[in-house]
Structure formats: structure tokens, C-alpha cells
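**Student:** Everything below, folded, please.
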Amino acid sequence: MSQAPLAKNSAKKKALDYHRLPKPGKLSVESSKPCSTQEDLSLAYTPGVAQPVLEIAKNPKTAYDYTNKGNLVAVITDGTAILGLGNRGPLAAKPVMEGKGVLFKQFAGIDVYDIEVNAKTPQDFIKVVEAIAPTFGGINLEDIAAPHCFEIEAALRKKLDIPVFHDDQHGTAVIICAGLINALQVQGKALETAKIVCLGAGAAGIASMKLLVAMGAKKANITLVDSKGVVHKERADLNSFKKAFARKTTLRTLAEAMQDADVFVGVSGANLVSPAMVKSMAENPIVFALANPNPEILPEKAMAARSDLVMATGRSDFPNQVNNVLGFPFIFRGALDARAKEITQDMLIAAVYALAELAREPVPASVLKAYKLKKLKFGPDYILPKPFDPRLLDRVPQAVARAVVKKAAVKKAAVKKPAKPAAAKAASKRR
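**Tutor:** Down below sits the predicted model:
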């Protein structure tokens with residue numbers, strides 16, 4: 001047997017043992033209050049529990065004072081798009097959802113119940129989540145295939161009064177945008193004029209392009225490419241989400257779209273970009289090849305094609321990992337702390353800039369030690385903070401919470417401002 005299969009088998013065993021031993025799974029429920037005396041028991045359950053019940057019945061907002069609702073997020077999936085493994089069903093998705101719970105707790109101190117839903121239709125899924133929502137302070141949707149994920153998130157955002165966040169869309173978008181802002185700065189380019197090619201028109205691709213447009217990118221400069229080629233206006237097979245990015249263009253293939261492009265963002269599959277495509281890009285190009293575990297093009301191939309390249313992947317064994325753990329724990333931390341009823345575009349943009357700015361600052365010694373590095377400085381190989389940077393927990397949640405407060409203040413000011421009577425409006429127009 002060769003060394004490669006041995007190494008593969010060893011990694012497989014290590015992963016399975018990690019999840020199985022010393023007891024199965026990665027999450028457990030622990031009491032946050034003492035329960036070792038008769039008095040403790042009477043407070044934890046009957047008769048003491050009746051008091052918070054009565055308070056919450058009178059005023060539902062006090063659930064945040066007397067229960068764990070304000071620090072509890074549901075991580076929910078139907079298992080139709082598990083990581084890079086596709087539709088494996090809700091039960092097979094459970095290890096990933098448990099893993100998400102570990103990351104929420106590790107990085108932002110947020111408790112999680114993972115919930116795997118066996119739903120035949122988006123409507124069934126929506127009904128389940130709506131029914132259980134009172135338990136939680138927020139809903140994190142995960143690994144739900146497009147286009148159903150768009151429909152599900154939109155419906156739940158409308159129905160619920162707590163934040164609903166589809167991480168595969170918005171979490172990915174936040175990290176891509178933060179990395180891209182810094183990559184453009186390194187390369188001496190501007191978002192407003194950058195020609196961008198996005199390969200992958202699912203949840204992550206469309207959400208990322210929408211957020212870039214909200215931040216100043218020009219839709220006319222974005223070419224979206226799916227498995228059938230360039231998304232253009234003459235195609236009759238586009239869903240409404242792709243139609244929003246359909247261009248009037250003669251470009252038809254990825255190779256054609258890549259010519260003279262400033263930026264390539266790949267959220268698709270392995271080995272779909274050739275060195276020749278990278279060579280055809282504009283001066284000082286940016287390549288985000290984010291397919292996992294194998295990127296659209298390996299860094300060594302891309303770097304061999306262009307020495308003036310800034311490169312990012314979704315992998316931890318290469319520089320500039322675009323990792324959602326930089327986003328979702330801290331975005332939810334800020335939203336929960338501010339008791340936000342939704343996660344808005346302004347909150348996402350605040351997270352983008354907080355991440356981008358943090359990467360430009362000197363790196364603490366604790367981060368260098370954690371990653372066994374002697375130095376790390378903003379530049380081509382460091383455009384995003386590292387996940388174990390302790391400053392993330394201060395910077396990103398605060399930026400998100402400030403965006404919530406700012407929106408509330410603007411809304412309050414708008415309500416207070418008296419509307420002009422119709423006659424006064426007419427007179428103002430005549431003047």
C-alpha cells in the first residue's frame with residue numbers, strides 16, 4: 001500500500017474517532033445554575049419556576065431576562081447542500097450542525113441547539129422553523145440548497161421577530177467582501193471600477209455579488225457564470241435570482257469572461273479555472289478560488305501563471321483563508337447583544353469593514369504564537385484576520401450592534417418628524 005492511502009485512512013480514522021470518543025457527538029447541555037440542594041431544586045423547577053412563567057406571560061420581553069433565549073441560536077438545516085458533499089439528508093447533516101454549534105460557543109460564547117428538519121418542501125421547512133422560533137434569540141440557516149434557501153430565508157425574515165441568517169449566503173458574502181476590499185487596496189484598485197467575474201450562481205455567489213453592489217461595485221462590471229456559462233439576458237433558463245445579474249453581453253464562456261478581469265471569485269467546484277484563464281486577467285489580478293476542499297485552481301498553479309497575483313482560498317493550509325467563522329459568531333453576538341429583530345444589510349456591511357480594518361492593524365503576539373508564525377503583516381498574504389485573533393470578539397460585534405442602534409435612531413427620528421400637510425407639499429413643489 002502506498003503512503004497516500006495510508007495517510008488518507010489515518011485522517012479518516014482520526015476524524016471518526018474525534019466525533020465518536022470519549023462519547024458520541026460534539027455538543028452537550030449543561031446547567032448554568034446550581035442544583036445540588038432541596039432549595040436549588042425548588043427554585044429550578046416547582047414551585048420557583050412559576051414566578052418567571054408569570055412574568056413572561058405578562059410581558060414576553062422578559063424571556064430575555066429569565067431564560068437563555070437571548071443567548072441561544074438555532075442552527076437549522078434540511079441537509080440538501082452539506083458542505084461540498086451535496087444532498088445527503090438531514091441526519092447526515094447533524095455532524096456539521098453540531099460543529100457549527102461548537103464554533104458559536106468557542107468564538108462568541110453563544111449557545112446552540114442544532115436542528116435537522118426532514119422537510120419535503122420549503123413550505124414544510126418554513127412551518128417547522130416558525131413553530132419553534134419562540135425558543136430562540138436567533139435562527140442560523142445552514143446547508144440548504146439554492147434556490148430554496150432564498151425562498152426560505154425571505155419567508156422567515158418576514159414572519160419572525162428575531163434575526164434570521166443564512167450563513168452560506170451572508171456569512172460567506174461578508175468574508176468575501178472584507179477580503180476583497182483589502183485585496184483591492186493591496187493591488188491599487190477600486191471596487192467601483194473593478195471588473196469582477198463570479199463563478200457559481202448559488203447562495204454564496206449571488207449573496208456576495210449583491211453585497212458588493214451595495215458597497216459600491218457596479219452591476220455592469222459583474223459577470224456571473226454558472227454551470228451553463230455566462231448569465232446573460234438572452235438565456236431563457238434563469239431563475240429570478242440569476243436574472244438580477246443577467247448582462248447584455250456577447251460573452252458566453254468562463255474563459256471569455258476572465259479576459260481582462262480584475263477579480264475572480266469562485267464558489268463552484270474544483271479545477272474549473274486554468275492557468276491560461278488567470279494569465280488572461282488584467283494587471284495585478286485577484287483570484288478568490290473558494291471551492292472546498294479543492295479550489296477552482298490551486299495556488300501554486302495560479303501563482304506560476306501570474307507573479308502579480310493576490311490569491312485566497314477556502315482552505316487553512318494556504319494563506320488568506322476565506323473562513324465563515326470570521327463572521328457568523330460575531331455577527332450574531334452583536335445582533336443578540338443589541339436585541340436586533342433582524343440582520344440587515346447595514347449590519348453586514350459594518351461587519352465587512354470591521355474585519356477589513358482589523359487586518360490592516362499590527363498582529364498581536366498571541367496570534368503569531370497560535371499559528372506558529374514569526375511575523376504577519378497586511379499585504380498579499382494577509383488580507384483577513386485569523387480566526388483565533390482575540391480582537392474579533394470586541395470589534396465585529398460592536399460594529400454590528402452600532403449599526404442596529406444607528407438604524408433605530410434614524411427610524412425614531414423619521415417617526416418624530418411631522419409630515420407636511422398635502423397643501424404645504426403642493427406649495428413647496430410650486431416654489
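**Student:** can you tell me which helix in the chain is longest?
**Tutor:** Taking DSSP state H as the criterion, the chain has its longest helix at helix 392-416.
**Student:** which ones are touching the most centrally placed residue in the chain?
**Tutor:** Averaging the C-alpha coordinates of the chain gives a centre point, and the residue nearest to it by CA atoms, centre = their mean is Gly171 (0.8 Å). Counting by CB atoms under 8 Å, 6 or more residues apart in numbering, Gly171 touches 165, 324, 327-328, 331. In short, each C-beta sits where N, CA and C put it, glycine included.
**Student:** Assumed it was part of a helix.
**Tutor:** Yes. Under the criterion used here (DSSP: H, G, I helix; E, B strand; the rest coil), Gly171 sits inside a helix.
**Student:** What separation do you get for it and Gly79?
**Tutor:** As for Gly171, its distance to Gly79 is 18 Å (criterion: CB to CB, to the nearest Å).
**Student:** Same check on Ala356?
**Tutor:** As it turns out, when the distance is counted by CB to CB, Ala356 lies 33 Å from Gly79.
**Student:** So these two - more neighbours on which side?
**Tutor:** Neighbours around Ala356 and Gly79, counted as other CB atoms under 10 Å, are more numerous at Gly79. The numbers are 25 against 21.
**Student:** from the middle of its chain, how far away would stretch 209-225 be?
**Tutor:** Taking the mean of its C-alpha atoms, stretch 209-225 sits 17 Å from the chain's own mean (CA atoms, centre = their mean, to the nearest Å).
**Student:** could I get that stretch in PDB with only the CA atoms?
**Tutor:** C-alpha atoms of stretch 209-225 as PDB (Å, rounded to 0.1, in the frame of the first residue of the first chain):
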ATOM      1  CA  MET A 209     -22.400  39.900  -5.600                       C
ATOM      2  CA  LYS A 210     -25.400  41.600  -4.000                       C
ATOM      3  CA  LEU A 211     -23.400  42.800  -1.000                       C
ATOM      4  CA  LEU A 212     -20.600  44.000  -3.300                       C
ATOM      5  CA  VAL A 213     -23.100  46.100  -5.300                       C
ATOM      6  CA  ALA A 214     -24.500  47.500  -2.000                       C
ATOM      7  CA  MET A 215     -20.900  48.600  -1.100                       C
ATOM      8  CA  GLY A 216     -20.200  50.300  -4.400                       C
ATOM      9  CA  ALA A 217     -19.400  47.700  -7.100                       C
ATOM     10  CA  LYS A 218     -21.100  48.400 -10.400                       C
ATOM     11  CA  LYS A 219     -23.500  45.600 -11.500                       C
ATOM     12  CA  ALA A 220     -22.500  46.400 -15.100                       C
ATOM     13  CA  ASN A 221     -18.900  45.300 -14.200                       C
ATOM     14  CA  ILE A 222     -20.000  41.900 -12.700                       C
ATOM     15  CA  THR A 223     -20.200  38.800 -14.900                       C
ATOM     16  CA  LEU A 224     -21.900  35.900 -13.200                       C
ATOM     17  CA  VAL A 225     -21.100  32.400 -14.600                       C
END
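**Student:** Now do it: everything it contacts.
**Tutor:** With CB under 8 Å, 6+ apart as the test, stretch 209-225 has contacts from 170, 173-174, 176-177, 180-181, 191-201, 205-206, 230-231, 242, 244-247, 249, 251, 254, 257, 261, 345, 348-349, 352.
**Student:** got the contact list for the residue lying closest to Lys375 once chain neighbours are set aside?
**Tutor:** Counting by CB to CB, 6 or more residues apart in numbering, Leu368 is the residue found nearest to Lys375 once chain neighbours are left out, at 7.1 Å. Contact criterion CB under 8 Å, 6+ apart gives 374-376 as the residues in contact with Leu368.
**Student:** Who wins on neighbours among these?
**Tutor:** Using other CB under 10 Å as the neighbour definition, the contacts of Leu368 reach their maximum at Leu376, which records 18 neighbours.
**Student:** Report the separation between that residue and Ala354.
**Tutor:** 18 Å.
**Student:** Give me the distance from stretch 284-291 to the chain's centre.
**Tutor:** In terms of CA atoms, centre = their mean, the gap separating the centre of stretch 284-291 from the centre of its chain is 18 Å.
**Student:** Give the burial count for the nearest residue in space to Ser280 that is not next to it in sequence, as a bare number.
**Tutor:** Excluding its sequence neighbours, the residue lying closest to Ser280 (CB to CB, 6+ apart) is Gln259, at 4.6 Å. Other residues lying near Gln259 total 14 when counted by other CB under 10 Å.
**Student:** do the same with the one 3 residues further on
**Tutor:** For Asp262, the number of neighbouring residues by other CB under 10 Å comes to 22.
**Student:** Run through the neighbouring helices and strands of the one helix or strand Gln123 maps to.
**Tutor:** Assigning secondary structure by DSSP states H and E places Gln123 in helix 122-132. Contact here means 3 or more CB pairs under 8 Å, 6 or more residues apart in numbering; DSSP states H and E; on that basis helix 122-132 packs against strand 72-77, helix 148-159.
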